[in-house]
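Participant: I'd like to go over a predicted model; first the sequence, then the structure.
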Amino acid sequence: QMYENDNLLGEIIQDLRKTGKIARYEYGLQSSRFGVSANEWESIIKPVLALKLGLAVDQVRLETTIERNVIPQIYSHMPRKDDGKTNTSVWVEEFFAGRGIRLGGGDSDDGGLASVSGSGIDGHWVFRSFRPLAVLSLEN
């Protein structure tokens, strides 16, 4: 499973897998966002992505559950229009039960965009990826 034109993030993930900083992906290219644990995103990939973008780590995050649900519905003319219609899901920003379980969802098998589930932060799933956001702010 791959995202199209994933040059920046794909290169980061591939380099981190090559150096053994995150787990290798057994089901496809090492640049794939799939098979990344929530913990690997939070503690390893996120800081590297922020550095590459020239942002503070707290300016990079995952979509929230509501953003993951609403964005494809509002922008139905964009490629995200098919979110919720595939058997893949994404990690989201929210945690459950402290920080031991991260929420994710969005796969068609479990309700599409309305689907939300929790999974352990160290699990690697072939069907789950992540979609980061950069939060920019204007200073007065």
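Facilitator: Good, I have the coordinates.

Participant: And the longest strand along the chain, what does it pack against?
Facilitator: Secondary structure of the chain per DSSP state E: the longest strand is strand 89-96. Judged by 3 or more C-beta pairs under 8 Å, 6 or more residues apart in numbering; DSSP states H and E, the packing partners of strand 89-96 are strand 60-62, helix 65-74, strand 101-105, strand 128-130. In short, each C-beta sits where N, CA and C put it, glycine included.

Participant: for the ones you listed, which one sits closest to residue 114?
Facilitator: Residue 114 lies closest to helix 65-74 among the helices and strands packed on strand 89-96, at 6.9 Å (C-beta to C-beta).

Participant: before we move on, back to that, the longest strand of the chain pairs with which strands?
Facilitator: Strand pairing for strand 89-96, determined by DSSP bridges: strand 101-105 (antiparallel), strand 128-130 (parallel).

Participant: Please name whichever of the ones you listed is nearest to residue 36.
Facilitator: Of all those, strand 128-130 comes closest under C-beta to C-beta, at 6.3 Å.

Participant: Following the closest one in sequence, what is the next regular element?
Facilitator: The helix or strand immediately downstream of strand 128-130 is strand 132-134, counting by DSSP states H and E.

Participant: coming back round to it: go through the longest strand of the chain and flag the buried ones.
Facilitator: Judged by neighbour count (16 or more other C-beta atoms under 10 Å), strand 89-96 contains these buried residues: 89-93.
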